[in-house]
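In: With the input below, show me the fold.
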Amino acid sequence: MRVLVQGAGIAGLTAAFEFAIRGAAVTVAETRHALGGNASWFAGGMLAPWCERESAEQPVLDLGRDAADWWDTATPGQVTRAGTLVVAAPRDAGELDRFASRTSGHRRVDEDEITLLEPDLAGRFRRGLLFPGEAHLDPRQAMAALHDKLAAMGVEFRFGTDARHLSGFDRRIDCTGMAAEDDGLRGVRGEMLILRTLDISLSRPVRLLHPRFPLYVVPRADHRFMIGATMIESQSAGPVTARSMMELLGTAYALHPAFGEAEIAETGVGVRPAFPDNLPRVEASGDTVSINGLYRHGFLLAPAMARQAADLVFSQDRTREVAHETDRQRRSA
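Out: The predicted structure follows:
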């Protein structure tokens, strides 16, 4: 089977892997001239299904709970399994209780245990929640590692290519996100900062709850930290706004004052495709299967959706083979 995957974002790369390991000859076509620059490039990389359940439906937890294992298998060494720490200022203790009531897979931690988990947060928070089963990765390193793994498996990449001009494939897997022709999609803008400072170290993602400006901080290599949380109903991919910059920096400072002296190494914006229910879909139309609507859960849900797409295509092919064999036998009888 010859499969064309349209798009080299996280949906496209995971789909390419699932089809390739099942024996398909896979080509990935991407209009950009290199890996990156899409919404996946600006993601947080948190594999946090239990935390996401606070604002997401149950399928996000069900589909995402095995994501860390998938990434460990596909890209060994990219996943850090240190859990997620959720904290709140004493005046926002109600936010912590609300978060706990809407999630599972956590245990409560006191000030002493927070200090053991994250020494640089010592004395700053009295209570928190630890989600020990969660993990994180660096999206850019993970995408590069997956690209290299796919290339070594024989997957062909065609960058700077419009997939509409390619032919000769048995199946097309549309992973083009906001570029897909689907009237049901809307764009959800996410803004992020990367700060660099030598004055603080974190071992795991930390979520700071706030009634107006919740924030997550994800540690990365070279003393860098990804700061994010904005969800704006907009398809604009323009630069980070002044308001978002002030809110992100102000809340990061509330997590630890050292962020006030950090270098702003990068700002970025990603427009995430979402359906009205904020849940992803795998849909088939003729010989095309689409994977879309990953919303803010790209790295978490893409593996499960890629498996669904591959299961669908290979089950359809088996059904066709059985039908053809039955028809052949009927004709020869």
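In: secondary structure element for L130?
Out: For L130, the element it lies in under DSSP states H and E is strand 127-131.
In: Check G187 too.
Out: Applying DSSP H and E, one finds G187 within strand 186-196.
In: Tell me which helix or strand comes right after that strand.
Out: strand 206-209.
In: how about that following strand: buried residues?
Out: Residues of strand 206-209 classed as buried: 206-209 (neighbour count, 16 or more other Cβ atoms under 10 Å). For every residue, glycine as well, the C-beta is placed using N, CA and C.
In: likewise stretch 126-137?
Out: Quick answer for stretch 126-137 (16+ other Cβ under 10 Å): 127-131, 133-137.
In: Could you do stretch 35-42 as well?
Out: Neighbour-count burial for stretch 35-42 [16+ other Cβ under 10 Å]: 35, 38-42.
In: quick one: that stretch to chain centroid distance?
Out: 11 Å (Cα atoms, centre = their mean, to the nearest Å).
In: can you give me the mean pLDDT across that stretch?
Out: Across stretch 35-42, pLDDT averages out at 89.
In: How about stretch 250-266?
Out: 95.
In: Just the buried residues of that stretch, please?
Out: In stretch 250-266, counting by 16+ other Cβ under 10 Å, buried: 251-252, 254-256, 258-259, 262, 265.
In: contacts for the strand holding L130?
Out: 48, 50-51, 83-88, 93, 96, 99-100, 103, 105-111, 113-114, 117 (Cβ atoms under 8 Å, 6 or more residues apart in numbering).
In: Restricted to buried residues, select those residues in ChimeraX.
Out: Only the buried members of the contacts of strand 127-131 enter the following ChimeraX selection, criterion being 16+ other Cβ under 10 Å:
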select :48,50,51,83,84,85,86,87,88,96,99,100,103,105,106,109,114,117
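In: Name the SS class of the residue lying closest to A304 once chain neighbours are set aside, please.
Out: Among residues not flanking A304 along the chain, L63 sits closest, at 4.1 Å (Cβ to Cβ, 6 or more residues apart in numbering). The three-state assignment at L63 reads helix, by DSSP: H, G, I helix; E, B strand; the rest coil.
In: Now do the same for L63: its pLDDT.
Out: 97.
In: Which parts of the stretch 101-250 of the chain are helices?
Out: 111-117, 139-152, 242-255 (DSSP state H, counting those that start in this stretch).
In: would you list those helices in a markdown table and tack on distance to F213?
Out: Below are these laid out as a markdown table (distance: least, Cβ to Cβ, whole Å):
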| stretch | distance to F213 |
| --- | --- |
| helix 111-117 | 21 |
| helix 139-152 | 23 |
| helix 242-255 | 5 |
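In: and the protein, what are its domains?
Out: The chain resolves into domains spanning 1-46+138-184+276-333, 84-132+186-274 when parsed by automatic domain parsing.
In: nearest to D72, of those domains?
Out: domain 1-46+138-184+276-333 (10.7 Å; Cβ to Cβ).
In: I'd like the distance from that closest one to the chain centre, please.
Out: With Cα atoms, centre = their mean, you get 16 Å for domain 1-46+138-184+276-333.
In: Could you tell me which strands sit next to the strand holding L130 in the sheet, and their orientation?
Out: strand 84-88 (antiparallel), strand 107-110 (antiparallel) (DSSP bridges).
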